[in-house]
Structures are given as C-alpha cells and as structure tokens.
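Asker: Here is a sequence together with a model predicted from it:
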Number of protein chains: 2
Amino acid sequence: MLYLVGLGLGDVKDITVKGLEVVKSCSRVYLEAYTSILTTGGKEALEEYYGRELIIADRDLVELKADEILKEADTSDVAFLVVGDPFGATTHSDLVMRAVHAGISYRVVHNASIMNAVGCCGLQLYSFGETVSIVFWADDWRPESFYDKIKKNRSMGLHSLCLLDIKVKEQSIENLMRGKQVYEPPRFMSVSQAAQQLLDIIQKRREEGEEPGLSEDMVCVGMARVGAEDQMIRTATLRQLGSCDLGPPLHSLIVTGRLHPLEVDMLRLSAAPEALAHLEVMDSSTYTS
Amino acid sequence: MLYLVGLGLGDVKDITVKGLEVVKSCSRVYLEAYTSILTTGGKEALEEYYGRELIIADRDLVELKADEILKEADTSDVAFLVVGDPFGATTHSDLVMRAVHAGISYRVVHNASIMNAVGCCGLQLYSFGETVSIVFWADDWRPESFYDKIKKNRSMGLHSLCLLDIKVKEQSIENLMRGKQVYEPPRFMSVSQAAQQLLDIIQKRREEGEEPGLSEDMVCVGMARVGAEDQMIRTATLRQLGSCDLGPPLHSLIVTGRLHPLEVDMLRLSAAPEALAHLEVMDSSTYTS
C-alpha cells in the first residue's frame, strides 16, 4: 500500500493521529521536499518526533525515479509525506497514477493546506475565485498572467489567493550548461516581493495608457507562516504591503474582492491603521464590477 | 484562551496531534454540531477516544448564547471543535469576534476540509472557481442561483465544487408556528438529489426556449465520505449521477470545467464505463468558452 500523508501547515504536531500511525508502521517513509517547506525544524525535527529515518524525495526522485519510491509497495507499506494536503500539487497525482498502473493500492491521509487554512484571516472561503500563482520575475521574463486572473476574480467580486513562488534546488543557467550539480540557495517569494510585482504592472499599464483595473489602494492581506505560533496576518493596501516585512517563509498574499460586513469586522483585527480607512470604503462595496 | 480546533474529515483519528493535546488540556470542550457531521460514530465515539466529556454546541448555543462558550476563557482554556477546518463556516468568525471584543485570545488548529480534500479525485485545486452551495428545494422555493454560478465557472474553464445542503435540528413550519420544540430528522442532500435539481433546471430552461449552458452529458464527479475508509468517488455524466447511490452522507458534487490531460487520467480511475467516452471528448477540451 502507498500512503500519501499530509503533514499540514508545517509544525511536527500538525500531522493527524491517523497519519502518525501510518508513519510509524510503514517500512519506508519519504518526505517530499520541493513543493513546500516545513515551518519548523525540517527533516531532522520530524525524524526526532517520529523516532525514525526519513528519505528525502526531491523533484528528480519523484518525477524521474518514481519506481524507486514504489518498490515493493505491493507487498509492504510505503508512506509519502507532503507538507499541506497530498493533493495540493499536480505531481503527486502522477505518483498515484504510476502506483495504480503497477497494481499498487493507495490511500490518502488528508490535512490542512493553505488552500483552506487561508480562511483564518476572516475572508469566506466561498468567496474566493480561481487560485493564482505569482512567479519570480527574471530580467528577460516578466509574465503578467497572474495579474489578469486577479483582475478577473475581482471584477466578479471574488477574493484571490496568491500562492507565492518557491525555488528549491534550482541550478543557475551557467551551472546547468556546464552540467555541474551545484544548486542555488532556496528562495521563497515574500509578500512584499509579490506586491511589488503587482505594483509594477499597475504602473506599467498606466504608463501605456491602459486602465490597470487594479489599484495601489485596494485592500490586501499578507499572511506568513499560517498555523505556526508566530504566524502573521497583515491587512493593508497593496502599496503598504509592497514595503512590509512579514519575516521568514512561507508567505501568501490575498487580494480581496467584494467584502461582506462580517469579513470587514474580521479584517479590522489585523489591519494596519492606515488601511482602516480603506476598509471602511470597501464596506460599502466599491469593488470593480 | 479560546482554541478553535478542526477535526478534519470525520474519523476520530483525523484530529491532529496538536489538536488532541488541546482537547486533553482544556477545561471545557464544545463540539459544533450543525454545519457538518462526523462520518463515524458521532459524539460518543469522540468522547471515548478523547477520554473526556464533550458539550454539544448547536446553532442556538453558538449564535445566541456565545457568552456561555466564552465564559472564563480569559482565565482558563476552552476548546471549540469543528468538523473540517474551523473557518469553513462564517458563524465561527462571529465567535472569534466576540472573543476578541471580550479580551480573550484565540488560536486556531487547522485541519483538512472538503474545500481542499476534494483534490483527491484528481482535479487540480488551482482550477476551481467559486464554491457553490446547492440548497434543498421546497414546493414554493426553487432558487437557481447555484446553477448560474456553475455555468459561469464552466464558461471560464473552471471546476465547481458544490457543497450540498445539510438540515440539522430544523423545525417544520407547523411546529415553529405552534412554538413546539420538535425537530425534524436531519437531512443530507445526496449527489443524486443535487444532480436531479440541476437536471430539472436544464430541462426547464430548454422548455422556456433558453440555451441552458449546462448539459446532461457534462462530466461530473460525485464524492461521498471523503477521507473515510469507505469513501466513494464516481466520475460520470450529470444524467448518470442523477440516479446513482453513493451511500451514507456527506456527499459533494463537482461539475468539471476544462480538463487537463493529467486530470483526465486521474478521473478515469473513478469513471463509470459509460462516462469514459465523454472523458475522451473532454480531453480535447470541448468545454463552453
């Protein structure tokens, strides 16, 4: 049996009781280590807590050598641990397909992920539109598709959860071309970097004489380390978030749509004083429609 | 301190290790019992597993007598347990607001909910639009707003997660008018009931000469008891789901939008033979756009 076990939001004790039982009973336990990160302690902390060794599963192992993970899973139990819920990232449905085609049964142990935990800022999960991924820009690659998705959600009064880029075990083009297995340090996009990219697009479109559709004053929510003891939730305008520091990763950004009065009340709890005025305005629904 | 603890998808062992520690250490523990249900065993099973007594929190208690829940939570610890994640339903942000205004700190222990666990059918969470609630029709009340939301999502190529109505501790109009505290048995909308209501609207709109926008042949996914050992996932056309029986609650329905080839591969695992042909068609994206 292949068990896909969600670890939740990153603390060792966020695993479910069911998940912990699976981890303790499996013959091999893999830890997926490229679509998210553990908030506290990493692999060592988990190994100490579980009292057993974990095998790191990086992108190469999962995407190119999945057979290694599935080896003997028809006769023994193998666990594959994923931060968040196992089905947050596409890649893991690929692993499931391989298992099924090899005649191996699988079971999922679910857990919280940012996709549902985001509700703790006070915005209603029902009022979110399509989820958006904001990617790191490079000098010669500055995509704007995420901006247009946010604009579309907002035009329908819906909130946008923006997942922020993670670069783990990336190679520089130079090292890649030389075939050197040297990796860059991991990078995690911060709320301020994401906000800055959005601000850049607003300005660019305005300079090009286009109606940008989004504005520097719209109410956004920056979230960092959701679920951890030191989590931070900051409600502010996009402009303000462009220069905020919410500390260590992981960060997520929400661009609000139409706000329900109860949502406004909850957002006030985490609002920067300068954002309160804009919340009042949002209260009487001045969203783009 | 007020702890809002998510119980996950319904089995006693779906609670997180962190959540279980909270439950064992709090002076009072409430179990929210009207926005969802426990898949297995109910209150008694939880009490036995936790080794302590739980207080049932029905809608009246949470919405009208929240002070009772918050009593002494400034000097001792109180836990409020919710099936799924604590912020799945609006009502609980109301409880948080009351706590904050009374000077009581709160902390959230997150868990899986249908909002993210739905990914286990193989559809990508990023490709879902606004979440839809399908309500029970009455003789004189047949709203269609959920239909139009699904149509809108689908026109953008997005999937629709439809949460199905739950009626717990409802009074008949007769008993309500007589002031009798007699409650109807709980009702949970099944996938076939939800599909039937959608089929009714398609037919009605066609009879009225309108283009219905949705069709009987579109590929849908019926899900029952997600996360439990006896969970069922059935991929089929809407027409087929109109007469399926997926067993005991809770049920959810997904209407698919544009399908990615990897999503098609995953859906095939749960597809009724008659639905396979439609999946092939969907593969080359014949979604409304």
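Answerer: Yep, it's here. Numbers count the residues shown, from 1 in each chain, chains lettered A, B, ... in the order given.

Asker: now the residue nearest to residue A:17 when sequence neighbours are not counted, what's its secondary structure?
Answerer: Closest residue to residue A:17 apart from its sequence neighbours, by CB to CB, 6 or more residues apart in numbering or on different chains: residue B:13 at 4.3 Å. The way it works is simple: take the backbone N, C-alpha and C, and place the C-beta from them, glycine included. Under the three-state scheme (DSSP: H, G, I helix; E, B strand; the rest coil), residue B:13 adopts helix.

Asker: what number of residues lie near residue B:13?
Answerer: For residue B:13, the count of nearby residues is 15 (other CB atoms under 10 Å in any protein chain shown).

Asker: do the same with residue A:155
Answerer: Using other CB under 10 Å: residue A:155 sits among 15 other residues.

Asker: Next, it: phi, psi?
Answerer: phi -70, psi -20 (degrees, to the nearest 10).

Asker: What is the least confident helix or strand in chain A?
Answerer: helix A:273-283 (a mean of 68; mean pLDDT, DSSP states H and E).

Asker: does residue A:247 really touch residue A:222, like I thought?
Answerer: No: in this structure, residue A:247 is not within contact of residue A:222 by CB atoms under 8 Å, at 10.6 Å.

Asker: Find the residues that touch each one of the two.
Answerer: By the contact definition CB atoms under 8 Å, 6 or more residues apart in numbering or on different chains, residue A:247 and residue A:222 are jointly contacted by residue A:232.

Asker: higher neighbour count, those two?
Answerer: Legend: neighbour count by other CB under 10 Å for residue A:247 and residue A:222, higher for residue A:222 (27 against 13).

Asker: residues contacting residue A:83?
Answerer: Contacts of residue A:83 by CB under 8 Å, 6+ apart are A:6-10, A:32, A:35-38.

Asker: ok, which of those residues also contact chain B?
Answerer: A:6, A:8-9 (CB under 8 Å from any CB of the partner chain).

Asker: circling back: pretty sure the residue nearest to residue A:17 contacts residue A:16?
Answerer: Yes: using CB under 8 Å, residue B:13 makes contact with residue A:16 at a distance of 6.6 Å.

Asker: From chain B, how far out is residue A:163?
Answerer: 8 Å (CB to the nearest CB, to the nearest Å).

Asker: Now do the buried residues in stretch A:199-207.
Answerer: A:199, A:201-202, A:205 (16 or more other CB atoms under 10 Å in any protein chain shown).

Asker: how about the ones next to chain B among the contacts of residue A:83 in CSV, adding secondary structure and pLDDT?
Answerer: Listed next are the ones next to chain B among the contacts of residue A:83 as CSV, based on DSSP: H, G, I helix; E, B strand; the rest coil; pLDDT from 0 to 100:
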residue, secondary structure, pLDDT
A:6, strand, 96
A:8, strand, 95
A:9, coil, 92
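
Asker: Distance to residue A:141 and neighbour count for those - can I get that in CSV?
Answerer: Listed next are the ones next to chain B among the contacts of residue A:83 as CSV, based on distance: CB to CB, whole Å; neighbours: other CB atoms under 10 Å in any protein chain shown:
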residue, distance to residue A:141, neighbour count
A:6, 32, 28
A:8, 33, 33
A:9, 31, 28
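
Asker: residues touching residue A:182, list them.
Answerer: A:171-172, A:175.

Asker: hmm, 10 Å instead?
Answerer: Listed by CB atoms under 10 Å, 6 or more residues apart in numbering or on different chains, the contact set of residue A:182 reads A:171-172, A:174-176.

Asker: returning to that earlier point: are any of the contacts of residue A:83 buried, and which?
Answerer: A:6-10, A:32, A:35-38.

Asker: Just the pLDDT for residue A:158.
Answerer: Looking at residue A:158, its pLDDT reads 97.

Asker: now swap in residue A:171 and tell me
Answerer: pLDDT, read off for residue A:171, is 82.

Asker: Neighbours of it, how many?
Answerer: 15.

Asker: can I assume it sits in a helix?
Answerer: No: under three-state DSSP, residue A:171 falls outside any helix and is assigned coil.

Asker: Pull up the gap between it and residue A:247, please.
Answerer: Counting by CB to CB, to the nearest Å, the separation of residue A:171 from residue A:247 is 28 Å.

Asker: how about low-confidence regions in the stretch 101-250 of chain A?
Answerer: Along the stretch 101-250 of chain A, the model assigns pLDDT under 70 to no residue.

Asker: isn't residue A:183 right next to residue A:170, touching?
Answerer: Yes: counting by CB atoms under 10 Å, residue A:170 is a contact partner of residue A:183 at 6.5 Å.

Asker: Residue A:44 against residue A:56, yeah?
Answerer: No: contact criterion CB under 10 Å: residue A:44 and residue A:56 do not qualify, at 11.3 Å.

Asker: and the most centrally placed residue in chain A, helix, strand or coil?
Answerer: For chain A, residue A:163 is the residue whose C-alpha lies nearest the centre (CA atoms, centre = their mean; 4.5 Å). At residue A:163 the chain is in strand, as set by three-state DSSP.

Asker: Might you report the residue contacts of it?
Answerer: A:36, A:88, A:114-115, A:118, A:131-135, A:146, A:189, A:194, A:250-253, B:125-126.

Asker: sorry, back to before: next, format the buried residues of stretch A:199-207 as CSV and append secondary structure and distance to residue B:52.
Answerer: Formatted as CSV, the buried residues of stretch A:199-207 follow (DSSP: H, G, I helix; E, B strand; the rest coil; distance: CB to CB, whole Å):
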residue, secondary structure, distance to residue B:52
A:199, helix, 51
A:201, helix, 53
A:202, helix, 54
A:205, helix, 58
